[in-house]
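**Student:** Build me a model from this:
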Amino acid sequence: MPKSKRTRPIRPTEAPLPPLSKDYNQSLIAFALESGRFNVETEKSKRQFWGANIPQLTQGIDPSMVFWADWFMYCRPLKTGLTPLQTFLSAYQGRLTPEEAAAYRKLEQSVFGVFQVNQVQRDQSVTIRDLSSEQVYEVTERRATHQLQVGFIISAHILPLPEGWRFTGALAPWPSKLKEFIPGYINELDQRGSGPGNVRYVPALERARRSAYLQTSNPRHLEQVIALYQRGRNGWARALELLRPMLEQEPFNPIVNFYFGLLAPHDLEEMERRLCLAQSVAPDLTGPRGESIDSHLVLTLESQHKYDQAIAIYRRMIQHDPDDSDAYFNQAQLLTRLERGDEAEGLYRQAIRRFHDDHWGHYCLGTLLQKRGQENEAREQYGLALQKAYWQLHQWPDCIDDEIVREMEGALRSVGGDISNVPPYKPGIWTWLGR
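**Tutor:** Residues are numbered from 1 along each chain as shown. The predicted structure follows:
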């Protein structure tokens, strides 16, 4: 019986080449996927791209997975030192027409980056500007003109095809308010040797983009940071140690930036930048006591003598929450220090109308009027302040410090008033209805 001929099995790198598609990118993907090419390298590359936080596919296509696939094909060298794109060109050498070879080689000039959409011509093209290089590209793709709007900030991968620049499937949005922070971040990457053109650039951009959507890599460490912050200054050094590597991995995570800002009081500019960044991504984020980002940011601005910006924040705080009494009084005190007494007086009177059973607005207004020499008007305000303070203490004992009460009583005497003549306060109906 004749012996059967034994054939040598085909290794993955020697697998038959798949036919070329009219879609250049699809041809590359087919080359990578068919017969298990590069399987050994893909899992390792995922860890290089995302670190420990590899996204899990649930339903649909995660844009981050597409960015990884494009980066793997176009940027990441294999063990041979060639990228999959270069490996493709080598494998198909002699099988491509001169025009095809030129078109595929041009793909090595593809661009990954963060772009702002500058113009959309319906059913024709999208004009985008690279926030790092300032280079402008006109991308001719009908579908994108229906998906994108002027002002959008996107991560994207664009290919230089014979008919013009085209998007690949690697396209995902950023929060638009991060526009002013992204060039600085890319510059930091450049200084660390991971900027445009480096193999680490695209993974860093994609991790940064995901971090803006609270894709935190280490929730346990974040919980520790919050607990250490609440513990007081004794825990702050350790909290900063935990935050620094997180900030490098998640540069736009609003919670990481918020706590890093709070824990960096020695550097007011850095504190301001981190708080502004956190607010750009998550304007409704609150601290461990329920306080707003604005309540921290405004103090940072005042400490840097950026008074106009601080006043604008106070006004925003009042607009956002008209019952935030601190925003009225702190702003009025700042205006007083800036010798803008008329504005301060208006704000105190606004607070008195808003918080009609509270004593503090009357006392502050009385102090302002007394400094102006308006003693009769100051006496009236001090009397109203004590009237409401005595009533509050009767309703809720110990709700006001004794020292504050004595201070108000002394203020009334200083303008010729008598605390024994302060009449009892009669709250309006709204008080009893809970307003």
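
**Student:** what's the distance between Val298 and Ala312?
**Tutor:** 9 Å (CB to CB, to the nearest Å). For glycine as for every other residue, the C-beta is placed from the backbone atoms N, C-alpha and C.

**Student:** what's in contact with stretch 286-294?
**Tutor:** 226, 229-230, 258, 262, 275, 278-279, 283, 285, 296, 313, 316-317, 320-321 (CB atoms under 8 Å, 6 or more residues apart in numbering).

**Student:** Now restrict those residues to buried residues only.
**Tutor:** Buried members of the contacts of stretch 286-294, counted by 16 or more other CB atoms under 10 Å: Ile226, Tyr229, Phe258, Leu262, Leu275, Ala278, Gln279, Leu285, His296, Ile313, Arg316, Met317.

**Student:** Tell me where the stretch 101-250 of the chain is predicted with low confidence.
**Tutor:** 215-217 (pLDDT under 70).

**Student:** switch to 80 and redo it
**Tutor:** For the stretch 101-250 of the chain, the stretches with pLDDT under 80 are 214-218.

**Student:** quick one, helices of it?
**Tutor:** Under the criterion DSSP state H, counting those that start in this stretch, the stretch 101-250 of the chain contains helices at 142-147, 182-191, 201-211, 219-231, 236-249.

**Student:** helix or strand right after the last one?
**Tutor:** Sequence-wise, the next helix or strand downstream of helix 236-249 (DSSP states H and E) is helix 254-262.

**Student:** who's more crowded, Val298 and Ala312?
**Tutor:** More neighbours surround Val298 than the other of Val298 and Ala312, with 26 against 13 (other CB atoms under 10 Å).

**Student:** Closest one to Ala144 out of the contacts of stretch 286-294, please.
**Tutor:** Ala144 has its nearest neighbour among those in Pro283, at 28.4 Å by CB to CB.

**Student:** before we move on, back to that, so which of the helices of the stretch 101-250 of the chain is the most packed in?
**Tutor:** helix 201-211 (a mean of 23; mean count of other CB atoms under 10 Å).

**Student:** okay, now the domains of this structure?
**Tutor:** With domains defined by automatic domain parsing, the chain comprises 15-106, 107-202, 219-432.

**Student:** Can you tell me which of these is nearest to Ala212?
**Tutor:** Nearest to Ala212, of the domains of the chain and by CB to CB, is domain 219-432 at 3.9 Å.

**Student:** which SSE is Gln350 in?
**Tutor:** Per DSSP H and E: Gln350 is located in helix 341-354.

**Student:** So for that helix, what gets flagged as buried?
**Tutor:** Under 16+ other CB under 10 Å, the buried positions of helix 341-354 are Ala344, Glu345, Leu347, Tyr348, Ala351, Ile352.

**Student:** Tabulate these (a markdown table), appending distance to Glu138.
**Tutor:** Converted to a markdown table, these look like this (distance: CB to CB, whole Å):
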| residue | distance to Glu138 |
| --- | --- |
| Ala344 | 54 |
| Glu345 | 57 |
| Leu347 | 51 |
| Tyr348 | 57 |
| Ala351 | 54 |
| Ile352 | 59 |
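
**Student:** With respect to Ser125, which of the residues you listed is nearest?
**Tutor:** For these, the nearest to Ser125 is Leu347 (51.4 Å; CB to CB).

**Student:** gap between Gly416 and Trp68?
**Tutor:** Gly416 sits 78 Å away from Trp68, going by CB to CB.

**Student:** and Asp284, how many residues sit next to it?
**Tutor:** 9.

**Student:** do the one 4 residues further on as well
**Tutor:** In terms of burial, Pro288 registers 11 neighbours under the definition other CB under 10 Å.

**Student:** Of the domains of the chain, which is nearest Ala208?
**Tutor:** Going by CB to CB, the one of the domains of the chain nearest Ala208 is domain 219-432, 4.9 Å.

**Student:** For Gly416 and Trp68, indicate the residue with more neighbours.
**Tutor:** Trp68 (24 against 10).
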